[in-house]
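Enquirer: Sharing a sequence plus its predicted fold:
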Amino acid sequence: MTITFAEQQYEASVWRPSMGRIADTIAYDSETTVVEDPAVVPEFVIGSAFGGGKAYFIRRQDLLGFWKTHEGCKVFMHSAGFDMEVAA
């Protein structure tokens, strides 16, 4: 799959643990189910990460492995508290 952003194209694929670390600095975001009640944490649907050259989608079953593999990385998030809460 190719994603266009700021007039540039980037390849995107599903991240698998066998791929290892994608970069030492990454951007991360998560998508969730629709928030019906703000007092309830929505369910994680899929994560996305970008290391500067390629985008990756992180499936729920690979999420723990993704964070273990990227331990010590510099991570940028728009809503870090929310993204980490839904990942728990």
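Expert: In hand now; what should we look at? Predicted, not measured: the structure shown is a model, and the values here were computed from it. Numbers count the residues shown, from 1 in each chain.
Enquirer: contacting residues around Arg59?
Expert: Neighbour list for Arg59: Val14, Trp15, Ile46 [criterion: Cβ atoms under 8 Å, 6 or more residues apart in numbering]. Placement of C-beta: from N, CA and C, glycine included.
Enquirer: how about a cut-off of 7 Å?
Expert: Val14, Ile46 (Cβ atoms under 7 Å, 6 or more residues apart in numbering).
Enquirer: roughly how far apart are it and Thr4?
Expert: Using Cβ to Cβ, to the nearest Å, we find Arg59 at a distance of 23 Å from Thr4.
Enquirer: Do you have the helices of the protein handy? List them.
Expert: 63-69, 80-87 (DSSP state H).
Enquirer: Quick check: which of these is nearest to Thr33?
Expert: Of all the helices of the chain, helix 80-87 sits nearest to Thr33, with 9.2 Å by Cβ to Cβ.
Enquirer: Run through who's touching the closest one.
Expert: Contacts for helix 80-87 (Cβ under 7 Å, 6+ apart): Tyr28, Asp29, Ser30, Thr32, Val41, Pro42, Phe44, Leu63, Met77.
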